[in-house]
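**Student:** curious how this folds, go ahead:
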Amino acid sequence: MTMAVVLRKTDNSALRVYTATNVTDSRFYTLMHDPTYCMQVSMEQSSYTQPPHVGFHMGAGMQMPPTPDTHIP
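**Tutor:** Okay, the predicted model is just below:
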């Protein structure tokens, strides 16, 4: 997973992008593959505005989330 931070200069003349270059074996599906996150995004677009939440712990010491049950009919 590549992590990046985008910050603006205080005079608004440019954006600065900071990223890590560490190689990892971890691969994530998109957050929209997580049913909890997807539901929260759709609710935010149609009703009460709150930030979306994922259906698993995401942070230091986390285990890899389960492979999403996705299929194309």
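
**Student:** how about residue 8, what does it touch?
**Tutor:** The contact partners of residue 8, by C-beta atoms under 8 Å, 6 or more residues apart in numbering, come to 14-16. Every C-beta, even on glycine, is put in place using the N, C-alpha and C of the backbone.

**Student:** for it, give its distance to residue 18.
**Tutor:** Note on residue 8: its distance to residue 18, by C-beta to C-beta, to the nearest Å, is 12 Å.

**Student:** over to residue 12?
**Tutor:** With C-beta to C-beta as the criterion, residue 12 and residue 18 are 18 Å apart.

**Student:** ok, and the helix or strand in the protein with the lowest average confidence?
**Tutor:** helix 35-46 (a mean of 78; mean pLDDT, DSSP states H and E).

**Student:** export it as PDB, just CAs?
**Tutor:** In PDB, the C-alpha atoms belonging to helix 35-46 read as follows (Å, rounded to 0.1, in the frame of the first residue of the first chain):
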ATOM      1  CA  PRO A  35     -19.900  -3.400   2.600                       C
ATOM      2  CA  THR A  36     -19.800  -1.200   5.700                       C
ATOM      3  CA  TYR A  37     -17.800   1.600   4.000                       C
ATOM      4  CA  CYS A  38     -19.900   1.400   0.800                       C
ATOM      5  CA  MET A  39     -23.200   1.700   2.800                       C
ATOM      6  CA  GLN A  40     -21.800   4.700   4.700                       C
ATOM      7  CA  VAL A  41     -20.800   6.500   1.500                       C
ATOM      8  CA  SER A  42     -24.200   5.900   0.000                       C
ATOM      9  CA  MET A  43     -25.900   7.200   3.100                       C
ATOM     10  CA  GLU A  44     -23.700  10.300   3.100                       C
ATOM     11  CA  GLN A  45     -24.700  11.000  -0.400                       C
ATOM     12  CA  SER A  46     -28.400  10.700   0.300                       C
END
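
**Student:** now that helix: how far from the chain's centre is it?
**Tutor:** 13 Å (C-alpha atoms, centre = their mean, to the nearest Å).

**Student:** excluding covalently adjacent residues, which one is nearest to the residue nearest to the spatial centre of the chain?
**Tutor:** Closest to where the C-alpha atoms of the chain average out (C-alpha atoms, centre = their mean) is residue 31, at 5.3 Å. Nearest residue to residue 31 in three dimensions, chain neighbours excluded: residue 37, at 4.7 Å (C-beta to C-beta, 6 or more residues apart in numbering).
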